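> task: produce atomic coordinates for the following.
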Amino acid sequence: MQRPTNKPIIEGEIADYYFEDNGILVSLSKTPKRTVENISRNVALVKKITGNKSVPLLIYLCKSPVPDKATQKFSTEQLPQIYKAMAMVSKPGLAAFIMKLLFKFRKPPIPMKSFTDDNEAKEWLKQYI
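The predicted structure follows:
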């Protein structure tokens, strides 16, 4: 994934963000271990970016340490507050691993799908704009 040079990028602790012209929020994931604290700060950042509106998210995943159970639970609870749907783009296997880790015992709280092709991910997200 190439960082765009023609769009403002909002830098965060665990991800950088920018909006596509169609209203999809793009997240460029970073490697720090997720904690309740940095997820809380990230949720506040996303709410600020979106004007406290729920938006479709295209996230480019990267490898990062596995978060503890409290962080996994907290993260899952926060998703519907900030996102309408989430398309995860990664190398094969990474998104599936994250989905299994976070949603082992229950269905995801928002529509989620993993992709290896970002154009397919964008097409899927268009229904949530």
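
> and the residue nearest the centre of this structure?
The residue at the geometric middle of the chain, judged as the C-alpha nearest the mean C-alpha position with C-alpha atoms, centre = their mean, is residue 59 (4.4 Å).

> look up which residues are beta-bridged to that one.
On DSSP bridges, the residues paired with residue 59 through beta bridges are residue 27, residue 88.

> let me see the contact set for it.
Residues counted as contacts of residue 59 (C-beta atoms under 8 Å, 6 or more residues apart in numbering) are 15, 26-27, 29, 86-89. From N, CA and C alone the C-beta is placed, and that goes for glycine too.

> give me the contacts around the helix or strand of the chain with the lowest mean pLDDT.
Of all the helices and strands that make up the chain, helix 94-102 has the lowest average by mean pLDDT, DSSP states H and E, namely a mean of 73. Defining contact as C-beta under 8 Å, 6+ apart, one finds that helix 94-102 is touched by 61, 63, 66, 72, 75-76, 88-89, 108, 112, 114-115.

> give the rounded mean pLDDT of the helix or strand following it.
Of the helices and strands lying after helix 94-102 in sequence (DSSP states H and E), the nearest is strand 112-115. This predicted structure assigns strand 112-115 an average pLDDT of 90.

> understood, closing this out.
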